[in-house]
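Chemist: any chance you could fold what I've pasted below:
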Amino acid sequence: MFRIKALRHSFEKKAIKIDKRLRLVISVLILGLLMLFSTFFNFDKAPLFLAIFIIVSYFLSYFSLLEGIKKFGWFGLFIMPILITLFFYLFYFLFPGRWLTRLPFIFIYEVSIYAVLLCANIFNIGVEKNLQLYRAAFSINFFYQAVVSFLFYNVLFSFRYNFLINIIGAGICAFLLSLQLFWAIRLNKYMEREILFYSLFVALLLAEIGLIVSFVPMKVSVYSLFMTASYYSITGMISHYIDQKLFKETVREYVGVLIFVIIITLLSLSW
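Modeler: Numbers count the residues shown, from 1 in each chain. You can find the predicted model right below:
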């Protein structure tokens, strides 16, 4: 244990001499190259690359942020870089393995991981909640949560698993994402019971929605859109409620988005 702490201290001492922006760029380039390398292998290598991506993305997130990570921040700051990397990787296998799709895919991934790491850095330095910088970071983080949701549900429903897998997958994904989102509202060092309760509530709702849509004949893209819109609307309203900013106009906005997607979903049904 002492040796691990000594190695960590030595690593931080050396890494902190590198400018933080440069550390971010280095992390993005390494992850982009690793993602590019992984696209040359078949899906049967997915378990190996998933494990590699978890380890590498966590380490590079730590390398990028480094200073001031405390308590629950070890989860809250790192979960988005890991999830967006994993689901981008899995989502790639839904496309044909060509350079025409590979290069734009890697570019979009690198832009996304850079944005997510930048948001994590803003959360980590403790920017005041009333500043425009924090609000922008929170909005971008929420946007990429919607992206991650869409990618995950697209992959999940593409495999055509039975409804039990859909329930478990939808619940776990919703729980992890909402836990990070609700934590980012206050950025406390410790996990609050209120945040945990709301995250479990969101997970339960999305699991139930996943159960329902498992028995409805729809295209995979429509499944994903509906699940993502449900997550976006539910967590959007709850996050505003936690932040004590849930007004009628806000409710109308999120409910309006959900109703619009429900109409699209109903029109796309093919019994």
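Chemist: where does pLDDT dip in the stretch 51-200 of the chain?
Modeler: Where the stretch 51-200 of the chain drops to pLDDT under 70, the residues are 126-130.
Chemist: report the secondary structure state of the nearest residue to I125 once chain neighbours are set aside.
Modeler: Take I125 and drop its neighbours on the chain: the residue closest to it by CB to CB, 6 or more residues apart in numbering is G68, 6.8 Å away. Where you see a C-beta, it was placed from the backbone N, CA and C, and this is true even at glycine. State at G68, reduced to three classes by DSSP: H, G, I helix; E, B strand; the rest coil: coil.
Chemist: G68 contacts N124, correct?
Modeler: Yes. In this structure, G68 is within contact of N124 by CB atoms under 8 Å, at 5.8 Å.
Chemist: hey, where'd the helices end up in the stretch 101-250 of the chain?
Modeler: Counting by DSSP state H, counting those that start in this stretch, the stretch 101-250 of the chain has these helices, from start to end: 132-158, 163-186, 193-213, 220-242, 248-267.
Chemist: got the angle between the second one and helix 193-213?
Modeler: Going by axes from the mean of the first three to the mean of the last three CA atoms, to 10 degrees, helix 163-186 is angled at 150 degrees with respect to helix 193-213.
Chemist: from the chain's centre, how far out does helix 163-186 sit?
Modeler: Offset of helix 163-186 from its chain centre (CA atoms, centre = their mean, to the nearest Å): 10 Å.
Chemist: can you give me the angle it makes with helix 220-242?
Modeler: Between helix 163-186 and helix 220-242, the angle comes out at 40 degrees (the same axes, to 10 degrees).
Chemist: tell me the pLDDT at I4?
Modeler: I4 carries a pLDDT score of 62 in this model.
Chemist: now E253: how far from F123?
Modeler: Taking CB to CB, to the nearest Å as the criterion, E253 is separated from F123 by 24 Å.
Chemist: neighbour-wise, which of these two wins?
Modeler: For the pair E253 and F123, the greater number of neighbours falls to F123 (22 against 15), based on other CB atoms under 10 Å.
Chemist: make sure that one is actually in contact with A137.
Modeler: Yes. Applying CB under 8 Å, one finds F123 in contact with A137, separated by 6.5 Å.
Chemist: export the helices of the stretch 101-250 of the chain to JSON lines and tack on distance to L36?
Modeler: Putting the helices of the stretch 101-250 of the chain into JSON lines (distance: least, CB to CB, whole Å) gives the following:
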{"stretch": "helix 132-158", "distance to L36": "18"}
{"stretch": "helix 163-186", "distance to L36": "25"}
{"stretch": "helix 193-213", "distance to L36": "32"}
{"stretch": "helix 220-242", "distance to L36": "25"}
{"stretch": "helix 248-267", "distance to L36": "33"}
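Chemist: can you report how many residues lie near the residue lying closest to L60 once chain neighbours are set aside?
Modeler: Nearest residue to L60, sequence neighbours excluded (CB to CB, 6+ apart): S27, at 3.9 Å. Using other CB under 10 Å, S27 is surrounded by 23 other residues.
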